[in-house]
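**Q** quick check, what structure comes out for this input:
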Amino acid sequence: MLRHRSGGSNTSRIPFRRKIAAFLILLFIGWSSSPVHGAAQAQPDQIKLRRELYEQISLKTGLSWVQIAAIDQYERTLARAHPKTRPLRNDAIAGIYIPGDRWSGVLNPDKNDTNPVSIRFFRGIGLDGSGDGLADAGNDQDLLYTVALKVVRHGSSEEDFPIGLWEYYHNTRAVQRIMQFTKIYGTFDRLDLSDHAFPLPVRSTYSFRSTWGTSRSWGGYRIHEGTDIFAGHGVPVRSTCYGVVEIKGWNAFGGWRIGIRDLNNLYHYYAHLSGYDKKVKAGDIVRPGQVIGWVGSSGYGRPGTQGKFPPHLHYGVYRDRGLVEWAFDPYPMLKHWEREEKKALRSRKS
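**A** Residues are numbered from 1 along each chain as shown. Model (predicted):
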């Protein structure tokens, strides 16, 4: 699905009816996976309980609370992306999901087994992390302790931690995401990193509307996977989130572009820039409102190509679903962030 992160995906020439069907499917997937229509932001009490849980598991396993938080957050993002196959309890503090067969053992006749002895006999992974003598897949401490202890077998150092993650997930994407989340949490030393900013200064002159799904022809037929925000050449472009710079450089479709991964496992894609803030490089941690570049008209050609369209920012968002990424319409989020930022400015004046 995600090939160029250029504002659209290349496809072969296909019949019109199939194009419409594909568009409707994409629209449905995007709507259902959008954070605007997904899980609500964690409340302060939940944040406090999570931090306490992570610190408890840290003391028992030797992993830092930041590493444990990163594992738990990655699992939570998968639950949001796959709510039907990775359900979470309504009262869950941890985001960990372990299927019954894996928890209790494939050959265990009791998939809800909580006896650590029989679970171990049937080669299940479930462990007692709370100290109550039960290995309960419905207990947050047991769940998080089980995963953390599996990962820490290879050590908690910067070199050993990713090895343990690989042994548990067998997925390089999972390892990369958890390492990114670890770096974000470690930089700010807190869990509440849910603030956002509109990608352009709201006091600047700009205009945008929903352009999701409109056709693009340069480089082959593709649909527009984002929102175009038209503004003057050189208007600052800002990070919308707390995140890590995943990629920076030239793309034939998107020109000078930059990609940022946030803690919700969303990839924020900024394209057609005229240039970057020189202090921002791949691997850096950014925060909402931080300037990362400037509006331009780069792209649709070899490195340095400019002026094939009016200056604007192409802003796209992609959700990581574990093995693939899907684009969804960012327009509702943009309107929400714009409204909240303007509201905050008005309140400061009054």
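**Q** Ile96: neighbour count?
**A** Neighbour count of Ile96, defined by other Cβ atoms under 10 Å: 23. Yep, even glycine has a C-beta here, placed from its N, CA and C like the rest.
**Q** what about it, which helix or strand?
**A** Here Ile96 sits in a region with no helix or strand, counting by DSSP states H and E.
**Q** wait, it touches Tyr74, no?
**A** No: counting by Cβ atoms under 8 Å, Ile96 does not reach Tyr74; the two are 9.8 Å apart.
**Q** any idea how far Ser350 is from Ala344?
**A** Ser350 is 11 Å from Ala344, where distance means Cβ to Cβ, to the nearest Å.
**Q** from Tyr168, how far out is the spatially most central residue of the chain?
**A** Central residue of the chain (Cα atoms, centre = their mean): Asn265, 1.2 Å from the mean position. The gap separating Asn265 from Tyr168 is 17 Å, by Cβ to Cβ.
**Q** domain ranges for the protein?
**A** The chain breaks down into these domains under automatic domain parsing: 44-188, 195-349.
**Q** turn those domains into JSON lines, including mean pLDDT.
**A** Converted to JSON lines, those look like this (pLDDT from 0 to 100):
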{"stretch": "domain 44-188", "mean pLDDT": "95"}
{"stretch": "domain 195-349", "mean pLDDT": "91"}
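**Q** what's next to stretch 287-294, contact-wise?
**A** Applying Cβ atoms under 8 Å, 6 or more residues apart in numbering, the contact partners of stretch 287-294 are 188, 195-197, 233-242, 245, 256, 258, 260, 270, 273-277, 280, 286.
**Q** if we use 6 Å, what do you get?
**A** With Cβ atoms under 6 Å, 6 or more residues apart in numbering as the test, stretch 287-294 has contacts from 195-197, 234, 236-239, 241-242, 258, 273-277, 280.
**Q** buried residues in that stretch?
**A** Within stretch 287-294, the residues that count as buried by 16 or more other Cβ atoms under 10 Å are 287-290, 292-294.
**Q** also stretch 87-107?
**A** Within stretch 87-107, the residues that qualify as buried are 88, 92-98, 100, 103-105, counting by 16+ other Cβ under 10 Å.
**Q** for the stretch 251-350 of the chain, which segments count as helices?
**A** In the stretch 251-350 of the chain, the helices defined using DSSP state H, counting those that start in this stretch lie at 331-349.
**Q** one step back: residues in contact with the residue nearest to the centre of the chain?
**A** The neighbours of Asn265, taking Cβ under 6 Å, 6+ apart as the test, are 77, 320.
**Q** for it, what are phi and psi?
**A** Dihedral pair for Asn265: phi 60, psi 30, per degrees, to the nearest 10.
**Q** and what of Ala70?
**A** Backbone geometry at Ala70, expressed as degrees, to the nearest 10, gives phi -70, psi -40.
**Q** which one of Ser350 and Ala344 is surrounded by more residues?
**A** Ala344 (11 against 5).
**Q** and the gap between the more buried one and Ile163?
**A** Distance from Ala344 to Ile163, by Cβ to Cβ: 44 Å.
**Q** how distant is the longest strand along the chain from the center of its chain?
**A** Assignment by DSSP state E gives strand 266-276 as the longest strand of the chain. A distance of 16 Å separates the centroid of the chain from that of strand 266-276, by Cα atoms, centre = their mean, to the nearest Å.
**Q** name the nearest residue to Gly316, sequence neighbours excluded.
**A** Nearest non-adjacent residue to Gly316, counting by Cβ to Cβ, 6 or more residues apart in numbering: Gly226, 3.2 Å away.
**Q** can you get me a residue count around that neighbour?
**A** Other residues near Gly226 number 27, with proximity taken as other Cβ under 10 Å.
**Q** phi first, then psi, for it.
**A** Torsion angles, degrees, to the nearest 10, at Gly226: phi 170, psi -170.
**Q** ok, now how distant is it from Trp212?
**A** For Gly226, the distance to Trp212 - Cβ to Cβ - is 7 Å.
**Q** what's the separation between Gly129 and Ile68?
**A** Using Cβ to Cβ, one obtains 11 Å as the distance from Gly129 to Ile68.
**Q** between the two, which is the more surrounded one?
**A** Ile68 (28 against 24).
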